[in-house]
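Novice: Predicted coordinates and the sequence they were generated for:
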Amino acid sequence: MMKRILIVEDDRLMADVYRDRLRSEGFAVHVAADGKAGLEMFDSHKADLILLDLMLPQMSGVEVLKAVRSQFGPRDVPVIVITSAYIGGMVQQAWEAGANQVITKATMTPKLIIQLVQSAMDGLPQTVRSGTVEGWKEAENAVVDTNLRAKFLNGAPATLAALWLSLRALVTEPKNLRHLRELAMRVRSLTAAVAGMSPDRIAPLCAALETLLRDLLAKPRLVTASVLLTIAHALDTLKFLFTHSDSFAWRQPLRGRIMVVDDDQFTRRAVSAALKKVNLKVTCVDNAARALQQARQSRFDAILLDIELPDTDGFNLCSQLRSLPQYQRTPIIFLTAHGNFEQRTESVLHGGDDFVTKPFLFSELALKVLSFVARSPMKPGVAADSAACRASGPAIFSRRDLNALRQALLGSLDHEWVRSALHRN
């Protein structure tokens, strides 16, 4: 008799990949797209094994797991949890609720799915830690299923278009939590999909965007024009990376060295902590003279400048950095306590690329810097276009769309600054 497997996963692409691979191995497979439907399907089909995502609509994966364990033990119905790496608290809850295995999507391949399922069906205890299954090769060394990547890239235009529409709706009604939840849900689905294929530049950027949206869902009052500008820039960078998906975005790791120039020790520590969370290397200096010395001695992928420095202002330092040949195109982001029009104009006139208003969200700053670093350096010979993002699919947002949204947000930012100034006075 065929063994029955239930997949509870709300990401349709990942669920289809798991289902097709398991069916090719002779298993009977059923798929549920939310926790409640998964539990109902389990009751009706009595699956022999469950592949379970943790972040699900209707009921969480942990709730589903607890309900299953109230009827069947780990040996009776093995449950393999496949989830995103960042939700450490829920991962611990899954182990405590009785999961047989917990493995991250970033290390998961269709081949490893089969190995895990067969091992669980045979009752063999295996330990999964950091993507390694004892007795097997590390999953990161496995060959990524090319069919999965092709299928994912074919749907990239529709995915990006949907993200853009969700962001535009949020910009129109920033206090509407439904728009924020919808955007977060779409980004989470994208993060889960790319994690299984390990694109070196796209996956970290998606994870950082998901982290920021999770912070905003926890504290919706933090949805500001500045934050929405950062999200818009991240989506534009994702579009760029998908356009170069055949080579650049999938084969070059996302690494970066960042210099932070600020005379305030607390700010330096905060910025450094935020950037280290996304695996960027950080060098901190407290004045312009040391910044220029470091710039001549080392090569940085992005520079964060405070506008008010003890020996000069950030605008003047930016101009000096731009005079160095190796820093003519390096992203330079200003750190400022003011986000008004005059300071933005000054930053552009002196060669700045963007600005972050203090106090800042760690997750916003990390996403903003990653969005710049992910675009460079471009290697010669990278194609200017890719089949993933050509016009044959749904229309993706254009540069004109991005500029229009940016101008609307910049106008909102000026109003926010005025309101803040009036409130202080």
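Specialist: Looks like it arrived, so ask away.
Novice: what's the burial count for Leu275?
Specialist: By the other CB atoms under 10 Å criterion, the neighbourhood of Leu275 contains 23 residues. The C-beta positions use only the backbone N, C-alpha and C, and glycine is treated the same way.
Novice: Low-confidence ranges, this protein, go.
Specialist: In the predicted model, the chain carries pLDDT under 70 at residues 1, 84-89, 105-109, 123-149, 195-199, 245-253, 338-350, 377-399, 401-402, 406-425.
Novice: Go ahead and list the helix or strand containing Met259.
Specialist: Using DSSP states H and E, Met259 sits within strand 257-261.
Novice: What strands flank that strand, and is each parallel or antiparallel?
Specialist: For strand 257-261, the paired strands and their directions (DSSP bridges) are strand 281-285 (parallel), strand 302-306 (parallel).
Novice: how about those in TSV, adding distance to Glu96 and mean neighbour count?
Specialist: Listed next are the strands paired with strand 257-261 as TSV, based on distance: least, CB to CB, whole Å; neighbours: other CB atoms under 10 Å:
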stretch	distance to Glu96	mean neighbour count
strand 281-285	36	18
strand 302-306	41	26
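Novice: possible to save those as a markdown table with distance to Ala67?
Specialist: Compiled in a markdown table, the strands paired with strand 257-261 are given as follows (distance: least, CB to CB, whole Å):
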| stretch | distance to Ala67 |
| --- | --- |
| strand 281-285 | 45 |
| strand 302-306 | 47 |
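Novice: Can you tell me which of these is nearest to Ser226?
Specialist: When those are ranked by distance to Ser226, counting by CB to CB, first place goes to strand 302-306 at 14.9 Å.
Novice: going on from the closest one, what's the next piece of helix or strand?
Specialist: Next helix or strand after strand 302-306 toward the C-terminus (DSSP H and E): helix 314-322.
Novice: now that next one, how far from the chain's geometric center?
Specialist: 31 Å (CA atoms, centre = their mean, to the nearest Å).
Novice: Next, the angle from that helix to strand 302-306.
Specialist: The directions of helix 314-322 and strand 302-306 differ by 150 degrees, with axes from the mean of the first three to the mean of the last three CA atoms, to 10 degrees as the criterion.
Novice: Tell me the buried residues in helix 314-322?
Specialist: 314-315, 317-318, 320-322 (16 or more other CB atoms under 10 Å).
Novice: Output those in a markdown table; the columns should cover distance to Pro204.
Specialist: Shown next, in a markdown table, are these (distance: CB to CB, whole Å):
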| residue | distance to Pro204 |
| --- | --- |
| Gly314 | 28 |
| Phe315 | 31 |
| Leu317 | 29 |
| Cys318 | 27 |
| Gln320 | 31 |
| Leu321 | 26 |
| Arg322 | 28 |
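Novice: Tell me the one of the residues you listed nearest Trp164?
Specialist: Within the buried residues of helix 314-322, distances to Trp164 taken as CB to CB reach their minimum at Cys318, with 30.9 Å.
Novice: Make sure that closest one is actually in contact with Leu305.
Specialist: Yes: checked against CB atoms under 8 Å, the pair Cys318 and Leu305 is within contact range at 6.0 Å.
Novice: Between these two, which contacts overlap?
Specialist: 332, 334, 352 (CB atoms under 8 Å, 6 or more residues apart in numbering).
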